[in-house]
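Peer 1: next one to model:
(one chain, ligands or ions: 1)
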Amino acid sequence: MRDVIGPSLHLIRLPHAAGLELPSYETAGAAGMDLRAAVEDDAVLEIPPGKRALVPTGFIMEIPQGYEAQIRPRSGLAFKNGITCLNTPGTIDSDYRGEVKVLLINHGEESFRVTRGMRIAQMVIAPVTQVQVREINETTATARGAGGFGSTGV
Ligand SMILES: O=c1ccn([C@H]2C[C@H](O)[C@@H](COP(=O)(O)OP(=O)(O)OP(=O)(O)O)O2)c(=O)[nH]1
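Peer 2: Purely as a prediction, here's the structure:
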């Protein structure tokens, strides 16, 4: 495994992830760790065109407080097979203690077979801030005001 300077991400491996690689950065500068499908060898997980599937990763995580994990598609799978994440980026809360799953959707023309150990998505650990919500009566004035949705031109 690649040496990384940063906070620790603690993982519990579930029985169906036995033998699978841990989520890992493929290159020194990778933003995301690739996640592998923890489907059984003999179980066929086929995603027909237009359909979706919740794919297990076989890991429970303890994300350090103040961080989240974002589950994002891999561009290679998207480009070659039309496979992407439906709820992208998927949000993994730091207090979530269930198995991390990846919601894939097949936007391609052909059925897609998910095999054991296949790198199906990537996971980015990012800092998050929780804010104190306070209701007010007036906001400060800005040059933009309510302009949006192309108000500055294309
Ligand atoms: O792609 C995903 C998205 C979410 N989750 C898990 C971790 C996350 O912490 C939890 C809840 O996700 P989210 O907040 O997106 O779901 P929700 O629809 O708001 O459900 P909930 O009411 O459980 O928060 O589900 C995954 O395993 N994969």
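Peer 1: would you say F79 is within a helix?
Peer 2: Yes. Assessed with DSSP: H, G, I helix; E, B strand; the rest coil, F79 lies in a helix.
Peer 1: how many residues are close by S24?
Peer 2: Neighbour count for S24, taken as other C-beta atoms under 10 Å: 14. (Glycine included, C-beta is placed from N, CA and C.)
Peer 1: I figured it hits M33, correct?
Peer 2: Yes. Counting by C-beta atoms under 8 Å, M33 is a contact partner of S24 at 5.6 Å.
Peer 1: tell me which helix or strand comes right after the helix or strand bottoming out on mean pLDDT in the chain.
Peer 2: In the chain, no helix or strand scores lower on mean pLDDT, DSSP states H and E than strand 24-25, which sits at a mean of 92. The helix or strand immediately downstream of strand 24-25 is strand 33-36, counting by DSSP states H and E.
Peer 1: which helices and strands does that next one pack with?
Peer 2: Applying 3 or more C-beta pairs under 8 Å, 6 or more residues apart in numbering; DSSP states H and E, we find strand 33-36 packed against strand 24-25, strand 52-62, strand 119-127.
Peer 1: run the last query once more with 10 Å
Peer 2: Other helices and strands packing on strand 33-36, by 3 or more C-beta pairs under 10 Å, 6 or more residues apart in numbering; DSSP states H and E, are strand 24-25, strand 52-62, strand 67-72, strand 99-106, strand 119-127.
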